[in-house]
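Colleague: Give me a 3D structure for the following:
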Amino acid sequence: MFAKLRDNSDLRNFYKSFLAIGIPLTIQQLVSSSLNFIDNLMIGRLGTEYLAAVGFAGSLYRILDLVIFGVCSGMGVFVAQYYGKKNYDAIKKIFGLMMRCAVFIGIVFAFIGHYFSNEIIKIFSKDTRVIEIGVSYIEIVVYCYIFYAISSGIAYTLRSMGYTKYPMFAAAIGVVANTFFNYCLIYGNFGLPRLEEKGAAIATIIARIIEMIIILTIVYIKDFNLKGKLSSYINVSKELIKEIIRVSTPVMCTESMWILGTIALTIAYAKLGTDQAACAQIADVVSTFSAILFMGIANSAAVIIGHTIGEGNKEKVIFYAKQILYVAFIMAAFCFVMVEIFVNPIVSLYHLPEDITYMAEKTVQVYGGLIFFKMVNWAILIGIFRAGGEFYLDILPLWLYGVPMAFVGAYFALPIYYVIAIAEFCEVIKLCFAMLRYRSLRWMKDVTV
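Modeller: Coordinates of the predicted model:
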C-alpha cells in the first residue's frame with residue numbers, strides 16, 4: 001500500500017515537472033522551427049529554385065546547430081546533475097566554458113560560410129541558378145551565427161536548470177521579428193526594397209540579434225544564480241574539464257556524424273534533380289514540425305532524468321523513464337495521424353505546379369509513415385540516454401544502412417518518395433537497438449561522481 005502511494009506521489013511529481021518544463025520547451029521549439037519554416041515557405045513561393053537553394057544553404061546552419069547542440073547538451077548533462085545537487089559554483093564554471101565554446105563555434109562557421117559559400121552549394125547542386133541564389137543567401141545569413149551561438153549557450157544552461165519559459169519567450173519574439181521583416185524584405189512591402197533571398201537572410205540576422213538581446217537582459221535581471229565575478233566562469237578545475245571532455249566528446253562526435261549523415265542524405269536526394277530535392281525540403285520541414293513536440297518531450301526528459309540521477313535515486317529514475325516511454329509512444333502515434341491528415345493542406349501552401357505537387361504529397365506521406373519511429377527514438381536517445389551520459393547509438397544505423405541505401409536509390413533514379421522510404425527505414429532499426437539498450441539500464445550513470 002505504501003509503495004502504491006509512493007508511486008502515485010512520484011507520478012504526480014513527474015507529470016507536474018514534465019509539463020512545467022516540457023510545455024515551454026515545446027513552444028520554444030515551435031517558435032524556433034517556425035523561423036526556418038517561415039524562411040522556407042516565403043522563399044518557396046518564389047519558385048522551386050529558391051526553395052532548393054535556401055534549403056541547401058540551410059545545411060551549414062543545421063551543422064552549426066547540431067555542433068552547438070552537441071557541445072551544450074554534453075555540458076548540460078553536468079549542469080542538470082549539479083543542479084540536482086544545488087552546486088551553483090560548478091554550474092557557473094560550466095556555463096562560462098559553454099559560452100566560450102559556443103561563441104568560438106559560431107565564429108568558425110561564420111568564417112566558413114562567408115569564404116566557402118560557393119563550394120558549399122555546389123556540393124548539392126550543379127544548377128547555376130540554384131548556386132547563385134544559395135550563395136547570395138548564405139553570404140549574408142552567416143553573420144547571425146555568432147548571435148545565435150550566444151543565445152544558444154544561455155538557453156541550454158537555463159533549460160538544464162529547468163528554467164524553460166525564458167528561452168521560449170526570447171525565441172517567440174525572434175520569430176515575430178523574422179516573420180515581419182521577411183514579409184517586408186523578401187517581397188518589398190511597406191516601401192522597402194524587394195530583396196528576395198537577400199531579404200530573408202537579413203530578416204534572420206535581425207531576428208537573431210533581437211533574440212540574443214532579450215535573453216541576455218532576462219539573465220541580467222533574473223540572475224538564476226548565474227551572475228558572478230569573472231573568475232567564477234574562468235577558473236575551471238582540470239578534473240572538471242577532463243570529465244566534461246570525457247562526456248562531451250562522444251556527444252560532439254555523435255552530433256557531427258549525425259548531421260554529416262543527414263547532409264549525405266540530402267546530397268543523395270539532390271542527385272534526383274532540383275524538383276525532387278525541393279519535395280524533400282518540404283517533407284523535411286513537415287518532419288521538423290512533427291519533431292517539435294518531441295524535442296520538448298526529449299529535453300524535458302533529459303532535465304528530469306538528469307536531476308534525478310544527480311539526486312542519487314535510481315529507483316525513481318527507472319520509474320520516470322517508464323513514464324517518458326509511455327508519453328513518447330502515445331504522442332508519436334498522434335504525430336503520425338496528424339501528418340497523414342494534413343498532407344494536402346501543407347503542400348498547397350507552396351503553390352507548386354501540379355506534377356510537383358503530386359510528388360511532394362507522396363513524399364510527405366512517406367515521411368509521415370516513418371515519423372512514429374523517428375520521434376520515439378528522439379525521446380529515448382536524446383531524452384533518457386543522454387541524461388545518463390550515453391550518446392553513441394544514434395549514428396550507426398544511419399551510416400551503415402540509411403546513407404548507402406539513399407545513394408543506391410539515387411543511382412537507380414527511383415522517385416524521391418521511394419528513396420526516402422528505403423533510407424529512413426534506419427529509424428526502425430535504430431528503435432530496435434534503443435529498446436534493447438533501455439532494458440539493460442546501463443545508460444544510467446552519474447557523471448558528477
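Colleague: pLDDT weak spots in the stretch 51-200 of the chain?
Modeller: Within the stretch 51-200 of the chain, not a single segment meets pLDDT under 70.
Colleague: where do the helices sit along it?
Modeller: Along the stretch 51-200 of the chain, counting by DSSP state H, counting those that start in this stretch, helices occupy 88-115, 117-124, 128-141, 145-161, 165-187, 197-222.
Colleague: likewise the stretch 201-350 of the chain?
Modeller: Going by DSSP H, counting those that start in this stretch, the stretch 201-350 of the chain shows helices at 231-234, 238-270, 274-311, 314-341, 343-348.
Colleague: Of these, give the one that comes closest to Ile138.
Modeller: Proximity to Ile138, assessed across those by C-beta to C-beta, is greatest for helix 238-270 (14.3 Å). In short, each C-beta sits where N, CA and C put it, glycine included.
Colleague: Which positions within the closest one qualify as buried?
Modeller: Within helix 238-270, the residues that qualify as buried are 240, 243-244, 247-248, 250-252, 254-255, 257-270, counting by 16 or more other C-beta atoms under 10 Å.
Colleague: and the angle from it to helix 128-141?
Modeller: 160 degrees (axes from the mean of the first three to the mean of the last three C-alpha atoms, to 10 degrees).
Colleague: packing partners for helix 238-270?
Modeller: Packing partners of helix 238-270 (3 or more C-beta pairs under 8 Å, 6 or more residues apart in numbering; DSSP states H and E): helix 48-84, helix 88-115, helix 117-124, helix 274-311, helix 403-411, helix 416-423.
Colleague: Take these and lay them out in TSV including mean neighbour count and distance to Met168.
Modeller: Formatted as TSV, those follow (neighbours: other C-beta atoms under 10 Å; distance: least, C-beta to C-beta, whole Å):
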stretch	mean neighbour count	distance to Met168
helix 48-84	25	16
helix 88-115	19	19
helix 117-124	18	31
helix 274-311	25	10
helix 403-411	18	34
helix 416-423	22	32
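Colleague: what would the ones you listed look like in JSON lines with distance to Lys445?
Modeller: Shown next, in JSON lines, are the helices and strands packed on helix 238-270 (distance: least, C-beta to C-beta, whole Å):
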{"stretch": "helix 48-84", "distance to Lys445": "9"}
{"stretch": "helix 88-115", "distance to Lys445": "17"}
{"stretch": "helix 117-124", "distance to Lys445": "38"}
{"stretch": "helix 274-311", "distance to Lys445": "7"}
{"stretch": "helix 403-411", "distance to Lys445": "30"}
{"stretch": "helix 416-423", "distance to Lys445": "32"}
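Colleague: Let me know which of the helices of the stretch 201-350 of the chain is the nearest to Ile382.
Modeller: helix 274-311 (4.0 Å).
Colleague: now the angle from that closest one to helix 403-411?
Modeller: Using the same axes, to 10 degrees: helix 274-311 against helix 403-411 is 170 degrees.
Colleague: between the helices of the stretch 51-200 of the chain, which gets nearest to Gly312?
Modeller: Short answer: helix 88-115, nearest of the helices of the stretch 51-200 of the chain by C-beta to C-beta, at 16.2 Å.
Colleague: which other helices and strands contact that closest one?
Modeller: Here helix 88-115 touches helix 48-84, helix 128-141, helix 145-161, helix 231-234, helix 238-270, going by 3+ C-beta pairs under 8 Å, 6+ apart.
Colleague: Of the ones you listed, which is nearest Ile330?
Modeller: Closest of the helices and strands packed on helix 88-115 to Ile330 is helix 145-161, at 23.3 Å (criterion: C-beta to C-beta).
Colleague: So, low pLDDT: which residues of the stretch 301-449 of the chain?
Modeller: 388-392, 446-449.
Colleague: got the contact list for Ile206?
Modeller: Counting by C-beta atoms under 8 Å, 6 or more residues apart in numbering, Ile206 makes contact with 177-178, 181.
Colleague: Show the pLDDT at it.
Modeller: Ile206 carries a pLDDT value of 94.
Colleague: for Leu226, same thing?
Modeller: Reported pLDDT at Leu226 in the predicted model: 85.
Colleague: That one is in contact with Asp89, isn't it?
Modeller: No - using C-beta atoms under 8 Å, Leu226 is not in contact with Asp89, being 11.2 Å away.
Colleague: Adding distance to Phe294, write the helices and strands packed on helix 88-115 out as a markdown table.
Modeller: Formatted as a markdown table, the helices and strands packed on helix 88-115 follow (distance: least, C-beta to C-beta, whole Å):
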| stretch | distance to Phe294 |
| --- | --- |
| helix 48-84 | 14 |
| helix 128-141 | 27 |
| helix 145-161 | 15 |
| helix 231-234 | 33 |
| helix 238-270 | 15 |
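Colleague: Just tell me which of those helices ends up closest to Ile107.
Modeller: Of all these, helix 145-161 comes closest under C-beta to C-beta, at 6.1 Å.
Colleague: With just CA atoms, put that closest one into PDB.
Modeller: C-alpha atoms of helix 145-161 as PDB (Å, rounded to 0.1, in the frame of the first residue of the first chain):
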ATOM      1  CA  TYR A 145      25.600  32.600 -36.400                       C
ATOM      2  CA  ILE A 146      27.500  34.400 -33.600                       C
ATOM      3  CA  PHE A 147      24.300  35.900 -32.200                       C
ATOM      4  CA  TYR A 148      22.700  32.500 -32.300                       C
ATOM      5  CA  ALA A 149      25.600  30.900 -30.600                       C
ATOM      6  CA  ILE A 150      25.400  33.300 -27.600                       C
ATOM      7  CA  SER A 151      21.600  32.800 -27.300                       C
ATOM      8  CA  SER A 152      22.000  29.000 -27.500                       C
ATOM      9  CA  GLY A 153      24.700  28.800 -24.800                       C
ATOM     10  CA  ILE A 154      22.400  30.800 -22.400                       C
ATOM     11  CA  ALA A 155      19.300  28.800 -23.400                       C
ATOM     12  CA  TYR A 156      20.900  25.400 -22.900                       C
ATOM     13  CA  THR A 157      22.100  26.400 -19.500                       C
ATOM     14  CA  LEU A 158      18.700  27.600 -18.400                       C
ATOM     15  CA  ARG A 159      16.900  24.500 -19.800                       C
ATOM     16  CA  SER A 160      19.300  22.200 -17.900                       C
ATOM     17  CA  MET A 161      18.400  24.100 -14.700                       C
END
